[in-house]
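> Dropping a prediction and its sequence here:
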Amino acid sequence: MNLDPTAGGAAVSTHFNYSGTNLAGTAAIYAAPPLLGVTLVAASVNGIPVTSQVAAQLARYGGRPLGTVAMGLSVDRVYGCKGPQGGLMVIEGHR
């Protein structure tokens, strides 16, 4: 997993191989008060872009659209920073 800080949140990228199938994706994480916003930026299977199809399947299996996530608190701000060991995402909020 790779985390790249952005001005208003973080871009989280990951990839893995499952039974010979290569899967990869990137999501933007940001504050969407009072929720955490999530936008699927890119997704691919064996190098073939499938972003809209993956977003639709995640929404179908999860029972709701991928777009916002309740965190159990009101999200005020999301930011990230990069250090020598990798990235760090911070979610600030209140109850």
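Yep, it's here.
> Quick one, grab the pLDDT at residue 28.
If you check residue 28, the pLDDT there is 90.
> Does residue 53 belong to a helix, a strand or coil?
The three-state label given to residue 53 by DSSP: H, G, I helix; E, B strand; the rest coil is helix.
> now it: how far from residue 60?
When distances are taken as Cβ to Cβ, to the nearest Å, residue 53 and residue 60 turn out to be 11 Å apart. In this view, the C-beta of every residue, glycine as well, is placed from N, C-alpha and C.
> going on from the worst-scoring helix or strand of the chain on mean pLDDT, what's the next piece of helix or strand?
Evaluated with mean pLDDT, DSSP states H and E, the helix-and-strand set of the chain has its lowest mean pLDDT in helix 51-62, which scores a mean of 74. If you walk from helix 51-62 toward the C-terminus, the next helix or strand you reach (DSSP states H and E) is strand 68-69.
> Any idea how far apart the tips of stretch 34-54 sit?
With Cα to Cα, to the nearest Å as the measure, stretch 34-54 spans 25 Å from end to end.
> And for stretch 12-25?
For stretch 12-25, the first-to-last residue distance is 8 Å (Cα to Cα).
> quick one, phi/psi of the residue nearest the centre of the chain?
A centroid search over the chain (Cα atoms, centre = their mean) returns residue 27, at 3.4 Å, as the residue closest to the centre. The phi and psi torsions at residue 27 (degrees, to the nearest 10) take the values phi -130, psi 140.
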